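[1] Need the 3D shape of this:
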Amino acid sequence: MRDAYPGINAVTLMELRDPPDPRRAQLLPVVTYAVERKIAAGKPDYCDYATRIELAVLAKDEQKANAALNDALTAIRESRAPETTAHNLRLIRETREQRHEHVSWAAAIESALLSRGTPSTVTALEH
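    The predicted structure is shown next:
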């Protein structure tokens, strides 16, 4: 309950199911609490903020997702970390698009993460 990482993985996988697992709505607040407690304890890292982004996207909260994005971008220490987060967000977005749920703002967050990734990623986005 105090570790957000297994929780975010579980909630994301529940979202990707067809149909989505309705229990994900019950887990979102628990996972959010876990990551917020870790951040409040001090010394948050990129993964904490990336978890915040993913949780906000799952909750369809554009404002919180963008706030978490700003924190995550300043906390990047490994160039591939944003690519992993963008990949997870893409999976969520594409799954929702197949269900005719539109969260186009999530694509902008993916792009922002990728543009802070490796130089090859930035070059690929520019073409």
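
[2] use CA for all of it now, contacts and neighbours both
    OK.

[3] list the buried ones in stretch 49-67?
    Within stretch 49-67, the residues that qualify as buried are 49-58, 62, 64-66, counting by 16 or more other CA atoms under 10 Å.

[4] So which of those are in helices?
    49-58, 62, 64-66 (DSSP state H).

[5] what residue lies at the spatial centre of the chain?
    With distances taken as CA atoms, centre = their mean, the chain has Glu54 as the residue nearest its mean C-alpha position (2.2 Å).

[6] list the contacts for the closest residue in space to Ala56 that isn't next to it in sequence?
    Spatial nearest neighbour of Ala56, chain neighbours left out: Ala65 (4.9 Å); criterion: CA to CA, 6 or more residues apart in numbering. Contact criterion CA atoms under 8 Å, 6 or more residues apart in numbering gives Arg52, Ile53, Glu54, Leu55, Ala56, Val57, Ile109 as the residues in contact with Ala65.

[7] JSON lines for those residues, including pLDDT and distance to Thr74?
    Putting the contacts of Ala65 into JSON lines (pLDDT from 0 to 100; distance: CA to CA, whole Å) gives the following:
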{"residue": "Arg52", "pLDDT": "97", "distance to Thr74": "14"}
{"residue": "Ile53", "pLDDT": "97", "distance to Thr74": "13"}
{"residue": "Glu54", "pLDDT": "97", "distance to Thr74": "17"}
{"residue": "Leu55", "pLDDT": "98", "distance to Thr74": "19"}
{"residue": "Ala56", "pLDDT": "97", "distance to Thr74": "18"}
{"residue": "Val57", "pLDDT": "97", "distance to Thr74": "19"}
{"residue": "Ile109", "pLDDT": "95", "distance to Thr74": "14"}
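
[8] of those residues, closest to Ser115?
    Checking the contacts of Ala65 against Ser115 by CA to CA gives Ile109 as the nearest, at 9.9 Å.

[9] Is it correct that that closest one is in contact with Leu69?
    Yes: in this structure, Ile109 sits in contact with Leu69. The criterion is CA atoms under 8 Å, and the distance is 7.1 Å.
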